[in-house]
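Chemist: With the sequence up front, the predicted model follows.
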Amino acid sequence: MILNKVYLESFGCQMNAFDSEVLESLLEEDGFSITQDPSDANAIIVITCSVRENAERRAIGRLNDLSRHKGAILAVCGCMAQRLGEKLFDLVPALEIVAGPDSYSMLPSTISKAIAGEDRKILVETDSSVTYRLRKVTGSSPSRYLSITRGCENYCSYCIVPFVRGSVRSKEAGAVIEDLRILAASGAKEITLLGQNVMAYQSGDCGFVELLYRILEETDIYRIRFLTTHPRDVNEGIFKLMAENGRICPHIHLPFQSGSDRILSAMNRGYTRSEYLDIISMARELRPDIAFTTDIIVGFPGENDADFEETLDIVEKVRFDSAFTFKYSPREGTRAAELDNHVPAEVKKSRLEALNNTIQSIRKEIMTECIGSIEEILLDARVKKGENHFLKGRTPHFRNVLLGTDNGNPGDIFSVVLKELRNFTFIGEEITGR
Ligand code: SF4
């Protein structure tokens, strides 16, 4: 029997990376094989992001570019598929299937029918029961993602996610444990639990902190991370657990978006700057070495110089390890897109530059202070830089380390001394390995 081959490309966040694995396993279960070469494929799937206009523009460009593979069925999935729906058929004339994030189970049969000659299909019904179990492990990295919640109901005024990913639904706790055991059996040592807001996890009476306790008791996953958290929902329990148990990594990505109460309120973020700073103090009291990363938007409508100074002030007070920083761009359908008082493009640009400079200089200070310390790293890849080969790993705080040795494999755990810093990556020297 000749297998139909599918080529998959994924843009955007870690949720899309996980969805790409889900799709691969659904397709393989249905008799497809995965190819890394689009010219060899019977179907091409692009998983897209809608968070910023730029991401959509790039995805449409890429889809039109992939249209040159005339023999393959072209399908688009993900948030942009959900948001734009039928309009995508005009933007990408060669497109045959548009499928939103809740319709992936139907995708293999829809592709088979399209290969057999069926007409264009659009699958954008939302279904708030969809959570996607792991059917089969397709990769071999020791560091893996597992989605535990999907959707978001926070309706931050600038964000398209609640409109394209639907309401929050949580994977049943027993199913999370089973999926983790499958990943552990395939060699996974580090899992990042994913959700638009993992703190919103609720399965019966099991909330996110209870879920972590169950994972610690019922699986032997060596390191547990999670992404993303919302300051409104963060509680002491999470930091207590980090303080008590080294398997919960001492790193949290806690987006603050703006340091100004006026702007936070216009963003509908549900916390004030002092509440955000209180969370940081509480966390550091319980686990002093915790590393924070964050997301920040500059140039939200109405943001003035004083508001921006308050954003810089939070950056200086918290001292983030790193941050994803963005210029505000309006997303059609969100409340913020209706606001007046837009910040001029050149002001956004200069604020972003100033913000990035501050973040980078603090980052350098934090990392320089780590030189000479001993860290445990989990090796996750082999990399080549110029003529040199390295093993790459991360510390529990999510800091990158390169080891100039061939004596080890992804999945090994090494104790290393951090010897020097090159472009925000440590060069380490092995002390012990196992
Ligand atoms: S918490 Fe806010 S920013 Fe994050 S996904 Fe939900 S609506 Fe968007």
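Modeler: Happy to help now that I have it.

Chemist: what about residue 348, how many neighbours?
Modeler: 21 (other CB atoms under 10 Å). The way it works is simple: take the backbone N, C-alpha and C, and place the C-beta from them, glycine included.

Chemist: Check it and give its pLDDT.
Modeler: In this model, residue 348 is scored at 98, pLDDT.

Chemist: ok, it - contacts?
Modeler: Contacts here follow CB atoms under 8 Å, 6 or more residues apart in numbering; on that basis residue 348 touches 298-299, 327-328.

Chemist: Next one: it from residue 296, what distance?
Modeler: 12 Å (CB to CB, to the nearest Å).

Chemist: Residue 114 now?
Modeler: 42 Å.

Chemist: Mind checking which of the two has more residues around it?
Modeler: residue 296 (23 against 19).

Chemist: That one and residue 263 touch, don't they?
Modeler: No - counting by CB atoms under 8 Å, residue 296 does not reach residue 263; the two are 11.0 Å apart.

Chemist: Find the residues that touch each one of those two.
Modeler: residue 257.

Chemist: got a list of contacts for stretch 12-22?
Modeler: By CB under 8 Å, 6+ apart, the residues outside stretch 12-22 that reach it are 8, 10, 47-49, 51, 55, 77-79, 101, 104, 132, 134-135, 137-139, 145-147, 150, 192, 194-196, 227.

Chemist: Correction: the previous question concerned stretch 150-168.
Modeler: With CB under 8 Å, 6+ apart, stretch 150-168 has contacts from 15, 50-51, 79-80, 82-83, 100-102, 126-128, 130-132, 149, 169, 195-197, 200, 230, 232, 257, 266-270, 297, 300, 328, 330-331, 333-336, 339.

Chemist: Quick one, which of these are buried?
Modeler: Taking 16 or more other CB atoms under 10 Å as the criterion, what is buried in the contacts of stretch 150-168 is 15, 50-51, 79-80, 82-83, 100-102, 126, 131-132, 149, 169, 195-197, 200, 230, 257, 266-267, 269, 297, 300, 328, 331, 334, 336, 339.

Chemist: Which of those residues fall within strands?
Modeler: Members of the buried ones among the contacts of stretch 150-168 lying in strands (criterion: DSSP state E): 149, 169, 297.

Chemist: buried set for the biggest helix by length in the chain?
Modeler: Using DSSP state H, we find that the single longest helix of the chain is helix 345-370. Residues 347-348, 351-352, 355, 358-359, 362-363, 367 are the ones in helix 345-370 that count as buried (16+ other CB under 10 Å).

Chemist: Of those residues, which are in range of the ligand?
Modeler: Contacts with the ligand are made by none of the buried residues of helix 345-370, judged by CB under 6 Å from any ligand atom.

Chemist: remind me which residues of the protein are low pLDDT?
Modeler: Applying pLDDT under 70 to the chain flags residues 1-2, 433-434.

Chemist: if we can go back for a sec, top of the contacts of residue 348 by neighbour count?
Modeler: In these, the most neighbours by other CB under 10 Å go to residue 298, 27 neighbours.

Chemist: Pretty sure it sits against residue 352.
Modeler: Yes - Residue 298 lies in contact with residue 352 (CB under 8 Å); the separation is 5.2 Å.

Chemist: what do the two both touch?
Modeler: Counting by CB under 8 Å, 6+ apart, the residues touching both residue 298 and residue 352 are 325-327.

Chemist: Quick check: next helix or strand after the longest helix of the chain?
Modeler: strand 374-385 (DSSP states H and E).

Chemist: what's the spacing between the longest helix of the chain and its chain's center?
Modeler: Mean-position distance between helix 345-370 and its chain equals 22 Å (CA atoms, centre = their mean, to the nearest Å).

Chemist: Can you tell me the number of residues neighbouring residue 259?
Modeler: 23.

Chemist: Please tell me I have it right and it contacts residue 318.
Modeler: No - using CB under 8 Å, residue 259 is not in contact with residue 318; the gap is 9.7 Å.

Chemist: Of the buried ones among the contacts of stretch 150-168, which are in range of the ligand?
Modeler: Answer for the buried ones among the contacts of stretch 150-168 near the ligand (CB under 6 Å from any ligand atom): 196-197, 230.

Chemist: Return the member of those nearest to the ligand.
Modeler: Using CB to the nearest ligand atom, residue 196 is the member of these that lies nearest the ligand, at 4.1 Å.

Chemist: Ignoring the adjacent residues along the chain, who's closest to residue 236?
Modeler: residue 282 (6.1 Å; CB to CB, 6 or more residues apart in numbering).

Chemist: ugh, typo on my part, it should be residue 94
Modeler: With CB to CB, 6+ apart, the residue lying closest to residue 94 is residue 67, at 3.6 Å.

Chemist: same deal with residue 50?
Modeler: residue 79 (3.7 Å).

Chemist: sorry, back to before: based on its surroundings, how many neighbours for the residue nearest to residue 94?
Modeler: By other CB under 10 Å, neighbour count at residue 67 equals 15.

Chemist: begin at 20 from here
Modeler: From this message on, residue numbering opens at 20, which makes the last subject residue 86.

Chemist: which ones are touching it?
Modeler: Counted by CB under 8 Å, 6+ apart, residue 86 has contacts 93, 111-114.

Chemist: Narrow these to those that are buried.
Modeler: 93, 111, 113-114.

Chemist: Residue 142: neighbour count?
Modeler: Residue 142 has 20 neighbouring residues, counting by other CB under 10 Å.

Chemist: meant to ask about residue 88
Modeler: 19.

Chemist: so it, which of the three states?
Modeler: coil (DSSP: H, G, I helix; E, B strand; the rest coil).

Chemist: Contacts only, for it.
Modeler: 57-58, 60, 63 are the contacts of residue 88 under CB under 8 Å, 6+ apart.

Chemist: what about residue 377, distance to residue 334?
Modeler: 5 Å.

Chemist: so who does residue 440 touch?
Modeler: Contact analysis of residue 440 by CB under 8 Å, 6+ apart lists 383, 386-387, 390, 446.

Chemist: now, the most widely separated pair of these?
Modeler: 383 and 446 (15.1 Å; CB to CB).

Chemist: For stretch 23-39, list every residue counted as buried.
Modeler: 23-27, 29-32, 34-39.

Chemist: contact partners of stretch 296-307?
Modeler: 250, 253, 255, 258-259, 261-262, 269, 271, 273, 309, 311, 333, 336-337.

Chemist: If we use 10 Å, what do you get?
Modeler: 248, 250-251, 253-255, 257-263, 267, 269, 271, 273, 275, 278, 290-291, 309, 311, 332-333, 336-339 (CB atoms under 10 Å, 6 or more residues apart in numbering).
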